[in-house]
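# Structure for the following, please:
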Amino acid sequence: MRVVSLVPSLTEAVAVTAPGLLVGATDWCTHPAGLAAARIGGTKNPDVPAILALRPDLVVANEEENREPDLAALRAAGTEVLVTEIRTLDQAFEELDRVLVAACGLPRPRWLDEAEAAWAALPPPRAPRRAVIPIWRRPWMVLGRDTFAGDVLARIGVENVYAGHAERYPRVPLDVLGAAGADLVVLPDEPYRFTADDGPEAFPALPAALVDGRYLTWYGPSLVRAPAVLRAALR
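Got it, this is the predicted structure:
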């Protein structure tokens, strides 16, 4: 079988489970290290002719990360496209099983069982801490409603102040963020690369937790270590 992935998380999931299947991946697919698949552009601007030239049996995509016109062009050319929707941790486990087992015909990977066990073993969170979770600056954007990362944080005791916002990734002025009633600010290193020198200074009244964005936003083999890594960063 020949698979092209348009989603970094799914690229890693397929490549770790069955390296020989993956023939194409986006420029943003950084894991696993040394990935030898052909590069076919970005998640938002894939090179459709290049994908078709790889003669894939299946293209895996995501409703948030990829654009419908690109997926429609692939379908129109006769290519099977599987589009995932992942807005909660439970959805992530279901969709990973659908991609790897149902669509690719692989045995269920051990890492997927280990990931589910790692999250199931978490103790009930104590009184949640309220947080703002910026994902961009200039302009400031934060996690809003109905996001995978927000669900991940909720399971380790972090309540997103903007979880009830009408938008999934609202733009909020910095002064409004600072007055939102948060106990801390969570700063991932992707999509915007917040660092110790770029981000915490904007929230002088709040403790800042710098987190590895891969463990917060990726759904794949990283989910095995994500509970421990994120809890350590937020401790």
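# Strands of this protein, residue ranges please.
3-5, 22-25, 38-39, 58-62, 81-84, 129-132, 134-136, 141-142, 158-160, 184-188, 208-211 (DSSP state E).
# Quick one: list the elements packing against the first one.
Contact partners of strand 3-5 among helices and strands, from 3 or more CB pairs under 8 Å, 6 or more residues apart in numbering; DSSP states H and E: helix 8-17, strand 22-25, strand 58-62. All C-beta atoms are positioned from the backbone trio N, CA, C, and that covers glycine.
# Tell me which residue lies farthest from the centre of this protein.
Most distant from the centre of the chain: residue 205, at 28.8 Å, with distances by CA atoms, centre = their mean.
# Not counting its neighbours along the chain, what's nearest it?
Nearest non-adjacent residue to residue 205, counting by CB to CB, 6 or more residues apart in numbering: residue 178, 6.7 Å away.
# which residues sit in contact with that neighbour?
By CB atoms under 8 Å, 6 or more residues apart in numbering, residue 178 lies in contact with 203, 205, 206.
# separation between the last one and residue 231?
Right, the one you point to is residue 206. Residue 206 is 19 Å from residue 231, where distance means CB to CB, to the nearest Å.
# Can you pick out the residue with more neighbours from these two?
residue 206 (18 against 15; other CB atoms under 10 Å).
# Does that one touch residue 180 like I think?
No. Judged on CB atoms under 8 Å, residue 206 makes no contact with residue 180 at a distance of 9.8 Å.
# hey, what's in contact with both of those two?
residue 132.
# Helices along the chain, start to end?
8-17, 48-53, 68-76, 89-97, 110-120, 148-155, 174-178, 213-217, 226-234 (DSSP state H).
# Pull out the buried positions in the fourth one.
It refers to helix 89-97. For helix 89-97, a neighbour-count test (16 or more other CB atoms under 10 Å) marks 89, 92, 93, 95, 96 as buried.
# With the longest one instead?
Of the residues in helix 110-120, those buried by neighbour count under the rule 16+ other CB under 10 Å are 111, 112, 115, 116, 119.
# Can I get those in a markdown table including distance to residue 192?
Listed next are those as a markdown table, based on distance: CB to CB, whole Å:
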| residue | distance to residue 192 |
| --- | --- |
| 111 | 28 |
| 112 | 29 |
| 115 | 26 |
| 116 | 30 |
| 119 | 26 |
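# Now the two most distant members of these.
The largest distance within the buried residues of helix 110-120, taken as CB to CB, falls between 111 and 119 and amounts to 12.8 Å.
# Quick check: which ranges of the chain have low pLDDT?
Counting by pLDDT under 70, the chain contains no low-confidence segment.
# Residue 106 contacts residue 100, correct?
Yes. Between residue 106 and residue 100 there is a contact at 4.9 Å, judged by CB under 8 Å.
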